[in-house]
Each structure stands twice: as structure tokens, then as C-alpha cells.
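Student: missing the sequence, but the structure's below:
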Ligand SMILES: Nc1nc2c(ncn2[C@@H]2O[C@H](COP(=O)(O)OP(=O)(O)OP(=O)(O)O)[C@@H](O)[C@H]2O)c(=O)[nH]1
């Protein structure tokens with residue numbers, strides 16, 4: 001059975017955990033206070049084939065044994081790079097992350113195909129506070145050879161699920177089986193995730 005490793009990267013507070021939790025549990029959790037980086041595992045059926053998905057959600061706060069961005073990029077087969085459409089600085093961070101992924105890809109190009117990268121403009125429900133135009137997102141995606149999505153983890157499960165499923169399918173099709181490198185620390189089961197979710201402070205948005 002194939003293993004697909006996906007890292008969800010982006011600036012602080014852009015909704016990385018919200019997207020991951022939405023995809024895994026169908027629920028939107030207003031406040032997801034995590035103090036450690038996590039890898040969640042999910043068994044998926046894509047195009048009739050069983051896959052083991054490992055989904056990496058980094059922690060923006062300093063935490064013990066925290067992996068570097070370079071290590072995260074080397075570890076993953078596919079990436080969701082997230083920015084918040086109502087926060088321009090998060091778009092600048094996403095731009096830098098995409099450039100770094102492509103730079104590291106170039107270094108590894110002799111033995112590996114290019115990584116699958118999806119660029120996600122999250123918090124589409126906050127379009128009245130928009131600081132990043134949709135066309136800017138599209139342009140960055142084209143320049144960085146990414147697929148582009150604008151969506152809202154808060155409002156739409158279907159779009160989030162479609163985005164992750166498509167990423168897993170593309171990463172699987174690209175046949176990119178990286179050798180096992182140092183994985184980011186922290187690994188949680190689905191049960192642990194559910195504990196996190198239900199043990200959490202809730203806040204409406
Ligand atoms: N309005 C709105 N708020 C969102 C959405 N997604 C996440 N949020 C909110 O954005 C804040 C940050 O969400 P998180 O999921 O913790 O973001 P993160 O990127 O994992 O944060 P760090 O790990 O601290 O960097 C929380 O208050 C969420 O409720 C969205 O689609 N719409």
C-alpha cells in the first residue's frame with residue numbers, strides 16, 4: 001500500500017489546523033490551540049486504491065524538537081501552502097515557502113520528479129476584509145507551478161475535502177516516492193486528534 005506524505009504549511013494563524021481538522025473530522029473548530037507539531041494518519045481509498053495518508057500540521061509556536069521548514073519540505077511528497085486572503089503578510093510568507101519548495105526541488109531534480117503543491121487562499125468567508133486579490137493568488141500559483149484554490153475551512157467541508165483528495169491523487173500519480181528522511185517529530189492517532197478537538201476551548205468566528 002502506498003504512503004503519501006502531505007505537509008500543510010503557511011504563516012501563523014492562516015487556518016492550517018482548521019483545514020486539517022475539517023478534512024479529518026468534517027468539523028470546523030473555532031480555536032485549535034496546539035502546542036506541538038503533529039502527524040495525523042488516515043487510510044484513504046483513491047481511484048479504487050488504498051493509500052495511507054500522513055498529514056503534517058506544524059506548530060507556529062516554538063516547541064520542543066520542532067522541525068525546520070527545510071526538513072518539512074524534504075519529508076513531504078505533497079504540500080498545501082496556505083495563506084489568509086484577509087492578511088497580506090501571510091501571502092508574502094506563502095510566496096517565500098513556494099519559492100523554497102521549488103528551490104529544493106531543483107537541487108533534487110536529478111533523482112526526483114517535482115513535488116505536487118497546492119496553493120490555498122483560506123478564509124474566503126472574510127472577503128469583505130480581503131487584502132489579497134484572487135488573481136494575485138492565481139498568478140502566484142501559475143508562477144510556482146501550483147494548483148490554486150480559494151476556500152473557507154469555516155464554511156465549506158466539501159471544497160476542503162475535494163482539495164485534499166485531489167492533492168493525494170496527484171501526489172500518488174506523480175509516483176514520487178521519496179526515501180525516508182527524518183520525519184518531523186510528533187505523531188498522533190485519530191483518537192488523540194478527537195481528544196484534542198473535544199478538549200479544546202471553542203470560539204465562534
Ligand atoms: N473566518 C474564518 N476563520 C478561520 C478560518 N479558518 C481558520 N479560521 C480561524 O483562524 C484562526 C487560526 O486558525 P488555526 O487553524 O489555528 O490556524 P493555524 O494556521 O493552524 O495557526 P498556527 O498553528 O498558530 O499558526 C482561528 O481563530 C480559526 O478559527 C476560515 O476559513 N474562516
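Tutor: Great, that's in hand. Nothing here was measured: the structure is a model prediction, and the numbers come from that model.
Student: going forward, measure contacts and count neighbours with C-alpha atoms only.
Tutor: Fine.
Student: Quick check: the gap between residue 115 and residue 145.
Tutor: Distance, residue 115 to residue 145, using CA to CA, to the nearest Å: 10 Å.
Student: These two - which one has more neighbours?
Tutor: residue 115 (21 against 17; other CA atoms under 10 Å).
Student: Now do the helices in the protein.
Tutor: For the chain, the helices defined by DSSP state H occupy 16-25, 69-75, 88-107, 134-143, 157-173, 190-198.
Student: Pick the most deeply packed of the ones you listed.
Tutor: Greatest average neighbour count among the helices of the chain goes to helix 16-25 (a mean of 22), per mean count of other CA atoms under 10 Å.
Student: for that helix, what is the average pLDDT?
Tutor: Across helix 16-25, the average pLDDT comes to 95.
Student: which strands and helices sit next to that helix?
Tutor: Counting contacts by 3 or more CA pairs under 8 Å, 6 or more residues apart in numbering; DSSP states H and E, helix 16-25 packs against strand 2-10, strand 49-57, helix 157-173.
Student: Contacts for that helix, please.
Tutor: Helix 16-25 has contacts (CA atoms under 8 Å, 6 or more residues apart in numbering) with 8-10, 27-30, 32, 42, 55, 57, 82, 153-154, 157, 160-161, 164.
Student: again with stretch 86-106
Tutor: Here stretch 86-106 makes contact (CA under 8 Å, 6+ apart) with 9-12, 14, 73, 81-85, 112-115, 123, 126-127, 129-132, 140, 144.
Student: ok, residue 157 - contacts?
Tutor: 22-23, 26-27.
Student: That one and residue 73: what is the separation?
Tutor: 26 Å.
Student: could you dump the helices and strands packed on helix 16-25 to CSV with mean pLDDT?
Tutor: As requested, these are exported to CSV (pLDDT from 0 to 100):
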stretch, mean pLDDT
strand 2-10, 94
strand 49-57, 94
helix 157-173, 95
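Student: Can you lay out the ones you listed as JSON lines showing distance to the ligand?
Tutor: JSON lines is the format used below for the helices and strands packed on helix 16-25 (distance: least, CA to the nearest ligand atom, whole Å):
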{"stretch": "strand 2-10", "distance to the ligand": "7"}
{"stretch": "strand 49-57", "distance to the ligand": "7"}
{"stretch": "helix 157-173", "distance to the ligand": "10"}
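Student: do you know which of these lies nearest residue 68?
Tutor: Judged by CA to CA, the one of the helices and strands packed on helix 16-25 that comes nearest to residue 68 is strand 2-10, at 11.5 Å.
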